[in-house]
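**Student:** sequence and predicted model, in that order:
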Amino acid sequence: MMPGDTIRPIAPADDAAMAAIIRTVMPEFGASGQGFAINDPEVDWMSRAYSEPRHAYFVFERGGVVLGGAGVAPLAGGDGDVCELRKMYFLPEARGLGAGATMMTRCLDAARAAGFAQCYLETLRGMDAAMRLYERSGFRRIDGPMGATGHGGCNTFYLRDL
């Protein structure tokens, strides 16, 4: 990250930017159609969705422009001590800057502060840089999905103790 880059909690004014980022990045990795977050109605009102208890969403901003984000929330249909790392997407110009690692630390800190014991995530084969970040951050691959995320298109699963 460079001086002036910031990671901060999402605000209502960021909703349109994050929706556009998610809808731009997902098809880049073949994630379109049913079973992917691109069709999740929460994409259009992220600030409201993540204002609930034990939810947090952060945006990465450079020069006043939102270039990515990520969050944590309780794992739907899962054990109450497991959260899910959700909607971690960055535009190409934000990749390779260390923003992902810094964002990951911020999200995992928020998860611990909310009382979670483990963090789960789902992704797609082919998202190699993201998977390297997950593994460097202490996530380990698991055999199958947990909870009821509704993201049936995902095919790679990770879990991390907090």
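**Tutor:** Perfect, thanks for sending it.
**Student:** ok, residue 21 touching residue 70?
**Tutor:** No. Using CB atoms under 8 Å, residue 21 is not in contact with residue 70, being 10.9 Å away. Quick note: C-beta positions are derived from backbone N, CA and C, even for glycine.
**Student:** show me whatever sits in contact with both of the two.
**Tutor:** Counting by CB atoms under 8 Å, 6 or more residues apart in numbering, the common neighbours of residue 21 and residue 70 are residue 89.
**Student:** quick one, helices of this protein?
**Tutor:** With DSSP state H applied, the chain shows helices at 15-28, 46-49, 99-113, 128-136, listed in chain order.
**Student:** so which of those is nearest residue 153?
**Tutor:** Each of those has some distance to residue 153 by CB to CB; the shortest is helix 15-28, at 9.6 Å.
**Student:** which residues are contacting the closest one?
**Tutor:** So helix 15-28 is contacted by 10, 32, 36-38, 43-48, 59, 65-69, 87, 89-91 (CB under 8 Å, 6+ apart).
**Student:** who does residue 66 form a beta bridge with?
**Tutor:** residue 61 (DSSP bridges).
**Student:** next up, the contacts around it.
**Tutor:** Counting by CB under 8 Å, 6+ apart, residue 66 has contacts 14, 17, 18, 21, 59, 60.
**Student:** ranking helices and strands of this structure by mean pLDDT, which lands last?
**Tutor:** Using mean pLDDT, DSSP states H and E, the weakest-scoring helix or strand in the chain turns out to be helix 15-28, at a mean of 86.
**Student:** ok, how many other residues are close to residue 105?
**Tutor:** Residue 105 has 12 neighbours, counted by other CB atoms under 10 Å.
**Student:** okay, now residue 86: neighbour count?
**Tutor:** Residues near residue 86, counting by other CB under 10 Å, number 27.
**Student:** with adjacent residues omitted, what lies nearest to the residue nearest the centre of the chain?
**Tutor:** For the chain, the residue nearest the mean C-alpha position is residue 88 (2.7 Å; CA atoms, centre = their mean). By the measure of CB to CB, 6 or more residues apart in numbering, the closest residue to residue 88 outside its immediate chain neighbours is residue 70, 3.5 Å from it.
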